[in-house]
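S.K.: Quick one: sequence and predicted model below, then my questions.
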Amino acid sequence: MSTAIGEIEAIFRHPVKSMRGESLDAATLGWHGIDGDRRLAFRRLDNRGDFPWLCGSMLPELTWFTPFRREADGDALPTHVRTPEGDEMELFGDELAAEVGRRYGAPVQMMPMKHGIFDEASLSVITAATIREICQIADKGTDTRRFRPNILVRSTRDLPFEEDRWVGGVLTFGAADDAPAVAVTRRDLRCSMVNIDPDGGSLAPQVLKACVRANENNAGIYCEVTRIGRLAVGQTVFLRQG
């Protein structure tokens, strides 16, 4: 039996791994997460390991680059990137690769990945109460962007870290029989990415420390898609357990 636990407050996708994301009113949830999410990433050409991708934890400045499309086109991937200084460069152009490589200190190459490039799972969910609690402990302004989720849930109970109790259950978005659904697989163990000011300011290590202090360094949950469909802000979120 499913229970209504809240509603979708916001939807985000990050077309280029570790670059600035975008807020959406609606999005298609496919078998590999939200369409267009983390489908592009810079590969470190000097790395031969299992994880060659350049991340914000290696180059915090990367999170201040903004992918965008010159022409509006629904779910289409970006065509250009705006640097922190405001310069606009083609997404797959040599100029952008050279600029990011210069900041990183080694050559990089933009790579498209059909099914996305994810650290742990193809979809991440967090509640507004959890973000608010962590930011209050850290004495920082509440900012969802620090946590880079796909779905922000405003839960009815409004309790921080409530989503921990959802692990092992199934979340459904909307009341239709064929509504999109995900299995909640694990808690989201956080890294230094949460310390990065999304607007290009200084690093704030107290944010990660707050995650550790408040909830064993966990904030949010990872999910795997079990039924595809259309997500929209305002949809009721249902939880089925057992």
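M.R.: Happy to help now that I have it. Numbers count the residues shown, from 1 in each chain.
S.K.: Please compute how far whichever strand in the chain runs longest lies from its chain's middle.
M.R.: Scanning the chain for the longest strand, with DSSP state E as the assignment, gives strand 2-13. In terms of CA atoms, centre = their mean, to the nearest Å, the centre of strand 2-13 is found 15 Å from the chain centre.
S.K.: residues near residue 134, how many?
M.R.: Residue 134 is flanked by 28 other residues according to other CB atoms under 10 Å. The way it works is simple: take the backbone N, C-alpha and C, and place the C-beta from them, glycine included.
S.K.: Repeat that for residue 4.
M.R.: 12.
S.K.: Likewise for residue 222?
M.R.: Residue 222 sits with 21 neighbouring residues when counted by other CB under 10 Å.
S.K.: before we move on, the earlier item: in the longest strand of the chain, which of the residues would be classed as buried?
M.R.: 2, 5-13 (16 or more other CB atoms under 10 Å).
S.K.: next helix or strand past that strand?
M.R.: The helix or strand immediately downstream of strand 2-13 is strand 22-24, counting by DSSP states H and E.
S.K.: Look up which residues are beta-bridged to residue 172.
M.R.: residue 181, residue 238 (DSSP bridges).
S.K.: how about it, what does it touch?
M.R.: 2, 179-181, 227, 237-240 (CB atoms under 8 Å, 6 or more residues apart in numbering).
S.K.: at 10 Å instead, please
M.R.: Applying CB atoms under 10 Å, 6 or more residues apart in numbering to residue 172 gives the contacts 2, 4, 178-182, 226-227, 229, 235-240.
S.K.: Residue 170: which of those residues is nearest?
M.R.: Lowest distance from residue 170 to the contacts of residue 172 (CB to CB) belongs to residue 240, with 4.6 Å.
S.K.: can you tell me how far that closest one sits from residue 121?
M.R.: Using CB to CB, to the nearest Å, one obtains 19 Å as the distance from residue 240 to residue 121.
S.K.: Brilliant, that's me finished.
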